[in-house]
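> Quick one, structure for this:
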Amino acid sequence: MPLNIPNLLTWARIVLIPLVVGVYYLPLPVHEQNQIATIAFVVAAVTDWFDGWLARKLGQTSAFGEFLDPVADKLMVAAALVMLVQLDRTNAIVAFIIVGREIAISALREWMAKIGAARSVAVSFVGKLKTTAQMIAIPLLLYHDPLFGLPIAVMGEWLIWLAALLTVWSMAYYLNKAWPEIRSRGF
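Numbers count the residues shown, from 1 in each chain. Modelled structure (predicted):
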């Protein structure tokens, strides 16, 4: 494992996961729990963008970093969604759709890479839209309280459902792209 700034930022994202979850078990007022979890999640989301940018800028991309980065992202999103379901701030169906898609598409990408067809399931625009919607929705749902008179919780609910819709759409897109390889191999 190359020890460089981008990989350290990815590890920092993984270290933030227990904070996002654990803060809700501390004897703090709910508003403070919400603030801490939101800040930790937003910091993690920003480091996600920043570590990739730094890796390319500094020429520090690595196979390990390419493996660890999406794992950190999926762990952070899954942990936040589990907490949001437990806090009754999102629906378990939404969480299942998002987490289930992440598992399925990760497996699909791994299989496609193994057979030499990884390019056909490269990240798409709809996948980026899905990620953007969920990375905005989750902090809104974690924060939950009105902010400057805006109904943050309601905005987060709408956005997480949009993210779930985009999740299904992007999954269909990737499966459609992979279908010729799947069919040609007799599956």
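
> can I see the domain layout of this protein?
Domain assignment for the chain by automatic domain parsing gives 1-88, 90-187.

> can you put those domains in CSV and add mean pLDDT and mean neighbour count?
C-beta here means a position set from N, CA and C on the backbone, and glycine is covered the same way. Formatted as CSV, the domains of the chain follow (pLDDT from 0 to 100; neighbours: other CB atoms under 10 Å):
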stretch, mean pLDDT, mean neighbour count
domain 1-88, 91, 17
domain 90-187, 89, 16
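
> ok, P146 to V126 distance?
31 Å (CB to CB, to the nearest Å).

> so who does A80 touch?
20, 37, 41, 138, 142 (CB atoms under 8 Å, 6 or more residues apart in numbering).

> Leaving out chain neighbours, which residue sits closest to the fourth one?
This means I138. Nearest non-adjacent residue to I138, counting by CB to CB, 6 or more residues apart in numbering: A80, 4.9 Å away.

> Could you check how many residues crowd around R89?
Applying other CB atoms under 10 Å, we find 20 residues neighbouring R89.

> That one contacts Y143, correct?
No. At 10.0 Å, R89 does not count as touching Y143 under the criterion of CB atoms under 8 Å.

> intersection of neighbour lists for the two?
G156.

> So the residue nearest to I138 versus K74, what's the distance?
11 Å.

> Please apply the same query to I115.
On the measure of CB to CB, I115 and K74 end up 22 Å apart.

> With I103 instead?
In terms of CB to CB, I103 sits 8 Å off from K74.

> Now do the same contact list for E102.
74, 77-78.

> 6 Å instead?
Residues near E102 by CB atoms under 6 Å, 6 or more residues apart in numbering: K74.

> for A178, same thing?
A178 touches 108, 112, 121, counting by CB under 6 Å, 6+ apart.

> E181: which of those is nearest?
Nearest to E181 among the contacts of A178 is M112, at 6.6 Å by CB to CB.
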